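Structure for this input, please:
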Amino acid sequence: METDVPVREVMVREVVKGDANLTVQEAVEIMRRYDVNSIIVTNHGEPVGIVTEGDILDGVVKRDLKPSEVKLKDIMTSPLITVSPDDSLLETARKMATLRIRKMPVVENGKLVGFVSDVDILAFSSEMNSILAELVEMSIGREIPSASEEVSQGICERCGAFSSDLKLVGGMMLCESCRDEEGEQ
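Numbers count the residues shown, from 1 in each chain. Coordinates of the predicted model:
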């Protein structure tokens, strides 16, 4: 069973962006306004880099520079490593872990359409684990029908056909035709 999902199912669609010529001070004001810890840097509307709080600490604070005099293009991480909205979330998470990247812009046909972060993936994974735990809990205590009990309908585990007359035979739910074959053997 395929359990992976595309990035588009988890990505954040509202991306905070700022022009490469913005000052760090202006970018920080935008980041605070939207309560985010990074900003995608654009040049003529095209995504070209990313600036995170860590970049600001290392590129400005640590070097004792004035935020109003440093441009985003001077401290951004570039080139951007991006993913497509149709990329596998599992593969994206592996890529992020391997490259030690916590945030990845999502680009489709050259346009920025979203953003996925380690936190987004963890939140999704946590939600999936909760759902799976509920399904397991629902299964505990469920009685398995005896060989003589009928299940109103379902898919035969031998032939794969739909049947409204399934019975448990040899640990498998079988339709009447497959039960007859089982009896012949």
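
Confidence-wise, which helix or strand of the chain is lowest on average?
strand 150-151 (a mean of 45; mean pLDDT, DSSP states H and E).

Just after it, pick out the following helix or strand.
Later in the chain than strand 150-151, the nearest helix or strand by DSSP states H and E is strand 154-155.

I'd say I30 and G18 touch.
Yes. In this structure, I30 is within contact of G18 by C-beta atoms under 8 Å, at 5.8 Å. Any C-beta I mention is one placed from the backbone N, CA and C, and that applies to glycine too.

domains of this protein?
Listed by automatic domain parsing, the domain ranges of the chain are 7-118, 150-184.

now, of these, which is deepest in the fold?
domain 7-118 (a mean of 16; mean count of other C-beta atoms under 10 Å).

How far does that domain stretch from one end to the other?
12 Å (C-alpha to C-alpha, to the nearest Å).

I'd like the mean pLDDT over that domain, please.
Across domain 7-118, the average pLDDT comes to 91.

roughly how far is it from the heart of the chain?
From the chain centre to the centre of domain 7-118 is a distance of 18 Å (C-alpha atoms, centre = their mean, to the nearest Å).

And stretch 169-182, by the same measure?
The answer for stretch 169-182 is 41 Å, by C-alpha atoms, centre = their mean.
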